[in-house]
Structures are given as structure tokens and as C-alpha cells.
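model the structure of this input:
(one chain, ligands or ions: 3)
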Amino acid sequence: MNINQCDECSLHQQNQEDLFSGRCILVNGPVIVGAGPSGLAVAAGLKQDGVPFVILERASCIASLWQNRTYDRLKLHLPKQFCELPYIPFPHKFPQYPTKHQFINYLQSYAREFQIHPRFNESVLSANYDHTCGLWRVKTVNVAGDDSSVEYICRWLVVATGENAEKVVPEFEGMHEFGGGVMHACDYKSGEFYRGKRVLVVGCGNSGMEVSLDLCHHNAFPSMVVRSSVHVLPREILGKSTFELGVCLMKWMPIWVVDKILLLAAKLILGNIEKYGLKRPSMGPLQLKNTQGKTPVLDIGTLSRIRSGDVKIVPGIKKFLHGGVELVNGEILEIDSVILATGYSSNVPSWLKENEFFSRDGFPTSPFPNGWKGKAGLYAVGFTRRGISGASVDAIKVSKDIIKIWKNETKQKNQSVGVSCNRKCKP
Ligand SMILES: Cc1cc2nc3c(=O)[nH]c(=O)nc-3n(C[C@H](O)[C@H](O)[C@H](O)COP(=O)(O)OP(=O)(O)OC[C@H]3O[C@@H](n4cnc5c(N)ncnc54)[C@H](O)[C@@H]3O)c2cc1C
Ligand SMILES: NC(=O)C1=CN([C@@H]2O[C@H](COP(=O)(O)OP(=O)(O)OC[C@H]3O[C@@H](n4cnc5c(N)ncnc54)[C@H](OP(=O)(O)O)[C@@H]3O)[C@@H](O)[C@H]2O)C=CC1
Ligand SMILES: O=C(O)C(=O)Cc1c[nH]c2ccccc12
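Ligands and ions are numbered 1, 2, ... in the order given. Okay, the predicted model is just below:
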């Protein structure tokens with residue numbers, strides 16, 4: 001067997017064609033899938049203690065959600081202290097709500113500081129636990145052109161592919177007859193391409209709301225589909241972040257009481273929003289986020305555009321027609337373009353061959369704070385439905401746990417030098 005030590009990432013490269021049609025690489029440490037904030041935070045923790053690892057990233061850059069799949073004017077909507085990764089704070093000069101460019105710059109210097117070098121353009125196709133040898137087998141395909149595949153073999157597998165890995169694109173009757181442009185919000189960059197156009201924005205989460213506002217800024221005419229209900233909260237209450245207020249109150253009282261307080265404040269500040277067609281869910285905003293992952297809208301100005309009539313609220317879609325749409329109330333709207341702000345899903349079930357730790361929706365079965373560690377060296381980071389601060393909490397726990405075991409195992413291995421490993425991996 002030809003085993004090479006790779007200096008860059010402490011890999012043992014094993015050129016054994018009979019194991020797998022592509023290359024087979026034995027990793028001395030964890031494989032981390034995803035180089036977004038979650039993957040980077042785990043990597044940083046490991047680096048600090050000298051534990052080697054490999055990060056696999058399907059895109060050609062770190063934080064691809066932020067770099068490739070968000071619109072130009074996006075800002076963080078939680079205050080900066082809730083969006084920092086462990087170990088390195090944001091620069092002091094950052095505003096309360098950093099822009100996406102500031103956030104990306106921070107993540108890039110974070111990766112530089114910890115010398116994190118992901119293997120870009122490697123999309124993980126499958127990961128199986130091999131009971132025979134007690135190791136994970138992670139297969140990737142190179143998506144940059146040559147389609148070559150690699151199998152990584154490792155003791156620990158960290159899933160950091162995110163809650164927003166894939167866009168949700170619903171099917172609508174008559175969509176192919178529509179004839180105008182249709183794009184998902186993740187491909188929307190700016191309203192400048194929609195000047196003077198009638199745009200149907202499907203969905204009223206933070207994406208739908210913010211895309212509609214951006215369209216207004218560019219003199220387009222958005223109609224936003226609200227098919228069920230939505231919680232809209234002011235981003236600030238009496239000058240203090242609503243999110244921060246919620247976090248503070250939750251230390252002292254049950255979540256449903258906090259929800260009542262936030263809703264009362266929202267009513268005083270925003271008035272009755274139901275009269276605009278924005279029906280509120282029966283469950284409170286934080287409880288809904290915690291149990292179903294539905295994020296409340298933190299209003300950054302769309303509501304005043306709804307009040308003024310610049311953003312029209314419309315009910316659910318019945319079907320698309322040529323150059324228009326029929327709504328469930330029978331109304332027919334003429335439109336030029338459609339933006340699907342219909343959300344995202346986890347992609348874990350498509351590649352992780354495991355059915356205990358992760359459920360079929362691609363989230364860990366155990367809720368926060370217990371969803372970070374599975375069996376047989378499997379970990380999850382960034383599936384807490386608590387944004388970047390939740391991911392940071394996970395990342396610290398995961399890296400500490402792996403460091404502890406890795407150090408123990410390395411010590412034992414060093415103590416038993418000369419004893420050869422009799423574990424075998426079958427192809
Ligand atoms: C528009 C938008 C704005 C947001 N704003 C905020 C905010 O202000 N504050 C906040 O706290 N949270 C916010 N969030 C929540 C968001 O989930 C986090 O900000 C953060 O990006 C999560 O980091 P992550 O690393 O877990 O996931 P991601 O950032 O999605 O990173 C996952 C990485 O995994 C890669 N990947 C996925 N599948 C594979 C595969 N099979 N093989 C290899 N690589 C793979 C992806 O390409 C991606 O780079 C926002 C989300 C969105 C969509
Ligand atoms: N500034 C920021 O920081 C921003 C943050 N984000 C975050 O990104 C994440 C994703 O947000 P977002 O992209 O808004 O996704 P969400 O999942 O929050 O919202 C999806 C929306 O699409 C609607 N929808 C889905 N399918 C259909 C359908 N077939 N017909 C009509 N409506 C449909 C949903 O309605 P229903 O509820 O009825 O299912 C819902 O209103 C969130 O966590 C959000 O907070 C997003 C934008 C900006
Ligand atoms: O922006 C997001 O998607 C987040 O997940 C951040 C977040 C976590 N918990 C919340 C509660 C209310 C609004 C946003 C969030």
C-alpha cells in the first residue's frame with residue numbers, strides 16, 4: 001500500500017485504486033463538510049489545539065451562502081454581538097448591523113488568521129459509517145470540471161452544510177406558460193434589473209420582505225404573496241434590538257411570556273398589521289422559531305412600503321397564466337417577473353447515510369442544546385435554528401470534544417509504537 005504524508009493538512013494519502021475508483025485519502029483527524037461560518041468555527045477550534053482536519057466545500061470559496069447566494073444590499077439583521085464566531089470579535093468600527101461585505105471580510109480574515117484551507121469544489125455525495133473498521137467513508141466529486149472523485153476515510157465527521165443548503169422551488173400549475181423571468185431569491189442581486197417592472201414576490205419571510213423593499217428602492221412594482229401567516233416584529237423596540245430584548249427576557253421568564261411581551265410591543269409600534277393581509281400565526285414568534293424553525297420577520301422598512309401601497313399584499317397562488325397569475329381569491333394579476341422567496345432546506349439526507357442522529361428533514365433529531373453530538377464520531381454544527389450564535393455554541397462544543405478524544409488516542413498510539421493496526425476497510 002502506498003501511503004504518503006501530505007504536509008499541508010496532515011493527511012495520509014493512500015493511492016489504492018482497488019478500494020475506490022478515485023483517490024482514497026485517510027485523514028488523521030475529522031472531516032468537516034461545509035466551509036460556511038459553522039465549518040470555519042470548528043476548524044478554528046481544532047487549529048488552536050493542533051488537531052489536523054480536512055474541510056470539504058462544494059463551492060469555490062468560503063461562506064458561499066454569503067458570497068454567492070445573497071443580494072447586494074443585505075445586512076445582518078441581528079446585532080453584531082450575536083453574529084461573531086468564537087475566538088475573534090468583529091472589528092470595533094463595525095456598525096451595529098454589519099453589511100454582508102463586512103461580514104464576508106471578517107470571515108475571510110478569520111480563515112486567514114487560523115490558516116484554514118478548505119478543499120474547494122469538492123461536493124460530498126455520500127458519507128457512510130463502515131462498521132468493519134469503525135471509520136467514516138466520505139465520497140466527493142470535483143464539481144469544478146473534471147468530475148474526479150475522492151474517498152476520505154476518517155474517524156470523525158462534522159456536518160456543517162447549513163440549514164439553507166438548497167433553495168426550495170415549489171411547483172405551480174401553469175408555470176411553464178408564464179413566459180416571464182422566474183428566479184429564486186438566492187439568485188437575486190439587486191432591483192436595478194426590475195426598474196418599472198411588475199414583480200410577484202412569492203413568500204413573506206425575511207427574504208420576501210427585503211427583496212420587496214429593494215424592488216421599491218429601484219422603482220419596481222412588487223406584489224408579495226402571503227399564503228398563510230407571518231410574524232413581523234420591529235427590528236428595535238425603544239432603541240434596543242428586539243432580538244436582544246427577547247434573549248434577555250428569556251433568562252427570566254418562559255418563552256411564551258416573552259412572546260406575549262414582544263407581540264404587545266410590536267402592536268404598539270407597528271399597529272394592527274392584520275389589516276394589510278399580514279395575519280399572525282397562533283403560536284408566538286420565538287416559540288415558532290424554536291419549534292418549527294420559522295423565523296419572524298425583523299422589519300427594516302418594508303412595512304411602511306406596505307402601508308403606503310408600494311408593496312401590494314396578495315393571497316396564495318392558484319396558477320400561473322401567460323404573463324400573469326391567478327390567485328386563490330380569483331383575482332388575476334398581470335406580472336413581468338417572479339421571485340421565489342420560498343426558503344431553503346438542509347441537504348443532509350441526500351448524502352449522509354444515517355437515520356438516527358439526523359431526521360428526514362435534515363436536522364438533528366435532538367433539539368438544542370443536545371443536537372451537536374451523535375454516535376460513532378458524528379457531529380452537527382449550525383442546525384440549532386439560532387443563527388450564527390447557535391452555530392458558535394455548537395462549534396466550541398464539537399471542537400473541544402474532538403480535541404479531547406484525538407489527544408487521548410494520539411497519546412495511546414504513541415505509547416504503543418510498533419503495534420500495527422489490524423483494522424481493515426473493505427471496498
Ligand atoms: C439571507 C440570509 C441572511 C441571514 N442572516 C443572518 C443573520 O443576520 N444573523 C444570523 O445569525 N443568521 C443569519 N442567517 C442564518 C444563516 O444560516 C447563518 O448566517 C450562517 O450562514 C449559517 O452558517 P453555516 O456554516 O451553518 O451554513 P452556510 O453558511 O450555509 O454554509 C454551509 C456551507 O456548506 C457547503 N455545502 C453544502 N452542502 C455541501 C456538500 N454536500 N458538500 C460540500 N459542501 C457543502 C455550502 O456550499 C456552504 O458553503 C441568514 C441566512 C440567510 C439565508
Ligand atoms: N437580513 C437578514 O439577515 C436576512 C435573513 N434571512 C434569513 O434567511 C432564512 C431564510 O429566510 P427566507 O428565505 O425568507 O425563507 P423562509 O423559510 O423564512 O420563508 C419562506 C416563505 O415562503 C413561503 N412559501 C413557501 N412555499 C410557498 C408556496 N408554494 N406558495 C406561497 N408561499 C410559499 C412561506 O410561506 P409559509 O409560511 O406559508 O410556508 C414563507 O413565507 C431565515 O432564517 C431568515 O431569517 C433572510 C433574508 C434576510
Ligand atoms: O436570521 C436568521 O435566520 C436566524 O436564524 C437568526 C435568528 C435566530 N433566532 C431568531 C429569532 C428571531 C429572528 C432571527 C433569529
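
ok, the closest residue to residue 374 other than its chain neighbours - how many residues close by?
With sequence-adjacent residues excluded and distances taken as CB to CB, 6 or more residues apart in numbering, residue 374 is closest to residue 357, at 3.2 Å. For glycine as for every other residue, the C-beta is placed from the backbone atoms N, C-alpha and C. For residue 357, the count of nearby residues is 20 (other CB atoms under 10 Å).

can you give me phi and psi for residue 357?
phi -80, psi -40 (degrees, to the nearest 10).

now do the buried residues in the longest helix anywhere in the chain.
When the chain is parsed with DSSP state H, its longest helix is helix 387-415. Neighbour counts over helix 387-415 (16 or more other CB atoms under 10 Å) mark 387-399, 401-403, 406 as buried.

could I get the contacting residues of the residue in the stretch 51-200 of the chain that ligand 3 sits nearest to?
Residue nearest to ligand 3 within the stretch 51-200 of the chain: residue 78 (5.4 Å; CB to the nearest ligand atom). With contact set as CB atoms under 8 Å, 6 or more residues apart in numbering, residue 78 has these partners: 97, 241, 243, 298, 387, 388, 389.

from the residues you listed, which are also near ligand 3?
Subset of these in contact with ligand 3: 243, 298, 387, counting by CB under 6 Å from any ligand atom.

from these, pick the one nearest residue 127.
Relative to residue 127, the closest of the ones next to ligand 3 among the contacts of residue 78 is residue 387; by CB to CB it sits at 25.4 Å.

give me the nearest residue to that closest one, chain neighbours excluded.
Residue 387's closest residue in space is residue 78 (CB to CB, 6+ apart), at 6.0 Å.

kindly report the same for residue 232.
Among residues not flanking residue 232 along the chain, residue 297 sits closest, at 4.5 Å (CB to CB, 6+ apart).

how long is stretch 207-225 from one end to the other?
Stretch 207-225 has an end-to-end distance of 12 Å (CA to CA, to the nearest Å).

quick one: is it near ligand 3?
No - using CB under 6 Å from any ligand atom, stretch 207-225 stays clear of ligand 3, coming no nearer than 9.7 Å.

near ligand 3, which residues of the protein are found?
So the chain meets ligand 3 at 77, 78, 243, 289, 295, 296, 298, 386, 387 (CB under 6 Å from any ligand atom).

mind pulling the model confidence for residue 415?
At residue 415, the model reports a pLDDT of 71.

which other helices and strands contact whichever strand or helix holds residue 38?
For residue 38, the host element (DSSP states H and E) is helix 37-48. Judged by 3 or more CB pairs under 8 Å, 6 or more residues apart in numbering; DSSP states H and E, the packing partners of helix 37-48 are strand 31-33, strand 54-56, helix 100-113, helix 387-415.

so what secondary structure elements neighbour the third one?
Read that as helix 100-113. Here helix 100-113 touches helix 37-48, helix 64-68, going by 3+ CB pairs under 8 Å, 6+ apart.

which of these is buried the deepest?
The highest mean neighbour count among these, using mean count of other CB atoms under 10 Å, belongs to helix 37-48: a mean of 26.

chain center to that one, what's the gap?
Here helix 37-48 shows a centroid-to-chain-centroid distance of 16 Å under the convention CA atoms, centre = their mean, to the nearest Å.

check whether it contacts ligand 1.
Yes - interface with ligand 1: helix 37-48 contributes 37, 38, 39 (CB under 6 Å from any ligand atom).

can you give me the distance of the spatially closest residue to residue 22 that is not a sequence neighbour to residue 29?
In space, and not counting its chain neighbours, residue 22 is closest to residue 149: 3.6 Å by CB to CB, 6+ apart. For residue 149, the distance to residue 29 equals 21 Å [CB to CB, to the nearest Å].

neighbour-wise, which of these two wins?
residue 29 (21 against 16).

so what's the more buried one up against?
Residue 29 touches 10, 46, 51, 52, 53, 54, 154, 155, 156, 402, 406, counting by CB under 8 Å, 6+ apart.

any quick PyMOL command for the buried ones out of those residues?
Those of the contacts of residue 29 that count as buried under 16+ other CB under 10 Å are selected in PyMOL with:
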select buried, resi 46+51+52+53+54+154+155+156+402+406
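
what about residue 219, how many neighbours?
Residues near residue 219, counting by other CB under 10 Å, number 13.

phi, psi for it please.
phi 60, psi 40.

how close does the residue lying closest to it once chain neighbours are set aside sit to residue 127?
Leaving aside its chain neighbours, residue 219 sits nearest to residue 195 (5.4 Å; criterion: CB to CB, 6+ apart). From residue 195 over to residue 127 the distance is 46 Å, taken as CB to CB.

roughly how far apart are the residue nearest to residue 374 and residue 370?
Look at residue 357 and residue 370: by CB to CB, they are 11 Å apart.

so where is the stretch 1-150 of the chain shaky, pLDDT-wise?
Along the stretch 1-150 of the chain, the model assigns pLDDT under 70 to residues 1-21.

all strands for the stretch 151-300 of the chain, in order.
Using DSSP state E, counting those that start in this stretch, the strands of the stretch 151-300 of the chain run over 157-159, 166-167, 181-184, 198-202, 221-225, 232-234, 236-237, 240-241, 297-299.
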